[in-house]
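S.K.: using only what follows, build the 3D model:
(one chain, ligands or ions: 2)
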Amino acid sequence: MKMSPLFVALLIAVLLSATATGPSEALNSKTFLSPPIFLRPGSVSNKWYYGIPFPTGHLALKSFNAELVDEHGVPVPLHETYIHHWALGVADKLGCTECRCDLYNVTVDEFGRRIGDDYVGGLRCCYDQTRCGKVKDEGLADGGEARKLFLRYTVMWLDWSDAVLPVKIYILDATDRALLEGESEPACQIEYQVEECSSEDRAKNDCVHVEATKEVLPRGGDIVFGVAHQHPGGIGASLHGEDGRLLCESMPTYGEGQEAGNEAGYIVGMSACYPKPGTATVRDGEALTVVSNYSNERQHTGVMGLFQILVAEHEQKLPAAAGKPGLCFSFPVSWCLPSWLSSNM
Ligand SMILES: *[C@@H]1O[C@H](CO)[C@@H](O)[C@H](O)[C@H]1NC(C)=O
Ligand SMILES: *[C@@H]1O[C@H](CO)[C@@H](O)[C@H](O)[C@H]1NC(C)=O
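M.R.: Numbers count the residues shown, from 1 in each chain. Ligands and ions are numbered 1, 2, ... in the order given. As a prediction, the model looks like this:
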């Protein structure tokens, strides 16, 4: 998975209140298939598709659920094919999914830049078309069968109406050092490495790696949804306001079986927050703290600690320009008289 600048503010519409559901507000649902993805044991596919099938028009997205399926439409379990980094039939599955460079036969990254010895694992070692080398069954060494898979995704949406409030999506990255280092541009590392805990910490039963940072929300509002993204080894993430108050906590669920959706050792779900509007409110310019915890019982490479939130912004107090002119002041805070009042003055 590749990401554009991580502190992205993208305006998209999401239904906030589903209380009034008249006939014109019926929930639509449609399922689509991606172009085929061909994978051999250990292969990585990291592709960009444009103009993919998707509902069109002015609409409010309700949900987007995706899974990998085979040619017969049967969901593929994570231990065979791992969304993000797929690995099948390989000996060291966790090593492959964590993109450990020693398992991929690469010396340069996707852009031809040399990979130094100090880079143990991560996206730079497993990009599109690379292969995790140590294939379990040596008979497969020259590839094995290519498997044809698809991403099957279901989109649910409503047609736009006045009942829909727009929200902003923020993806906060626990590795962004910008604010802590006084830089103005985001400096998201996207992925990071978790070193194995020391013997002292192990003795104290304290093998938890904490990655934390601060991110400023330019405009405040109500957080109405929050969920974290972590990799295997993750043990939870949280988001706090400037005063430390908990805005959202997101915890992973690990699978316990073999079947798709319950794969042992893999994160099969992250809990999410749906705060009632008004209960997780953020000020304009508030610095939020993002925390991502991993178990460091063992080393992990290429892990992530992202927190995705949806914010319904507070109504902007528009200065005079829009509509009828009002009378505005900048002291002690910026405020305006309503135009019906000021027009009578
Ligand atoms: C590893 O990469 C080198 C150079 O690209 C290539 O010559 C070699 O055959 C590869 N080895 C394996 C096992 O794929
Ligand atoms: C993260 O780890 C710290 C230190 O162990 C702990 O205090 C905190 O509660 C953890 N947060 C989550 C969300 O698990």
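
S.K.: contacts only, for the closest residue to ligand 2 within the chain.
M.R.: For the chain, the residue closest to ligand 2 is G236, as judged by Cβ to the nearest ligand atom, at 3.1 Å. Heads up, the C-betas are built off the backbone N, CA and C, glycines and all. Contact analysis of G236 by Cβ atoms under 8 Å, 6 or more residues apart in numbering lists 228, 230, 249-252, 293.

S.K.: identify the farthest-apart pair in those.
M.R.: Q230 and E249 (12.4 Å; Cβ to Cβ).

S.K.: name the residues contacting each of the two.
M.R.: Common neighbours of Q230 and E249 (Cβ under 8 Å, 6+ apart) are 236-237.

S.K.: let me know the secondary structure of the closest residue to T279 other than its chain neighbours.
M.R.: Once flanking residues are discounted, T279 sits nearest to D222: 7.9 Å by Cβ to Cβ, 6 or more residues apart in numbering. Classification of D222 by DSSP: H, G, I helix; E, B strand; the rest coil places it in strand.

S.K.: what ranges does the stretch 201-345 of the chain have for its helices?
M.R.: Assignment of helices within the stretch 201-345 of the chain using DSSP state H, counting those that start in this stretch yields the ranges 339-342.

S.K.: near ligand 2, which residues of it?
M.R.: Contacts of the stretch 201-345 of the chain with ligand 2, taken as Cβ under 6 Å from any ligand atom, map to 208, 210, 235-238, 249, 291, 293.

S.K.: now these: which count as buried?
M.R.: Among those, the ones that count as buried by 16 or more other Cβ atoms under 10 Å are 235-238, 249, 291, 293.

S.K.: for E195, state which of the residues you listed is nearest.
M.R.: N293 (14.3 Å).

S.K.: so that closest one touches D206, yeah?
M.R.: No. If you go by Cβ atoms under 8 Å, N293 and D206 don't touch, sitting 11.7 Å apart.

S.K.: distance between the ends of stretch 183-198?
M.R.: 32 Å (Cα to Cα, to the nearest Å).

S.K.: list the buried ones in it?
M.R.: Result for stretch 183-198 [16+ other Cβ under 10 Å]: buried residues 186-194, 197.

S.K.: same question, stretch 290-309
M.R.: Quick answer for stretch 290-309 (16+ other Cβ under 10 Å): 290-294, 296, 299-309.

S.K.: for stretch 243-257, same thing?
M.R.: Applying 16+ other Cβ under 10 Å to stretch 243-257 flags 247-252, 255 as buried.

S.K.: quick one: low-confidence ranges for the stretch 201-345 of the chain?
M.R.: 316-345 (pLDDT under 70).

S.K.: what about 80?
M.R.: In the predicted model, the stretch 201-345 of the chain carries pLDDT under 80 at residues 260, 315-345.

S.K.: quick one: the strands in it, in order.
M.R.: 208-216, 221-230, 234-240, 246-250, 252-254, 267-270, 272-273, 281-282, 287-295, 300-303, 305-313, 327-329, 335-337 (DSSP state E, counting those that start in this stretch).

S.K.: follow-up on the earlier one: count of neighbours near the residue nearest to T279?
M.R.: 20 (other Cβ atoms under 10 Å).

S.K.: same question for the one 5 residues further on.
M.R.: A total of 18 residues lie near V227 under the criterion other Cβ under 10 Å.

S.K.: which residue is the nearest non-sequential neighbour of it?
M.R.: V227 sits nearest to A272 (Cβ to Cβ, 6+ apart), 4.0 Å away.

S.K.: contact partners for the one you found?
M.R.: A272 touches 225-227, 250, counting by Cβ under 8 Å, 6+ apart.

S.K.: tell me which two in those are the farthest apart.
M.R.: The most distant members of these, if one measures by Cβ to Cβ, are F225 and S250, lying 10.6 Å apart.

S.K.: hey, what's in contact with both of the two?
M.R.: 272-273.

S.K.: quick one: the residue nearest to V227 from Y266, how far?
M.R.: 18 Å (Cβ to Cβ, to the nearest Å).

S.K.: end-to-end on stretch 270-283?
M.R.: OK, stretch 270-283 end separation, Cα to Cα: 26 Å.

S.K.: list the buried residues of that stretch.
M.R.: 270, 273, 275, 280-282.

S.K.: just these now: which is nearest P166?
M.R.: Once Cβ to Cβ is applied, the member of the buried residues of stretch 270-283 that ends up nearest P166 is V282, at 16.3 Å.

S.K.: for the closest one, which non-adjacent residue is closest in space?
M.R.: G220 (4.5 Å).

S.K.: again with W160
M.R.: In space, W160 is closest to H58, 4.2 Å off (Cβ to Cβ, 6+ apart).

S.K.: next up, the contacts around E286.
M.R.: Per Cβ under 8 Å, 6+ apart, neighbours of E286: 216-217, 220, 241-242.

S.K.: out of the buried residues of stretch 183-198, list just those in helices.
M.R.: Using DSSP state H, the subset of those located in helices is empty.

S.K.: all set, thanks.
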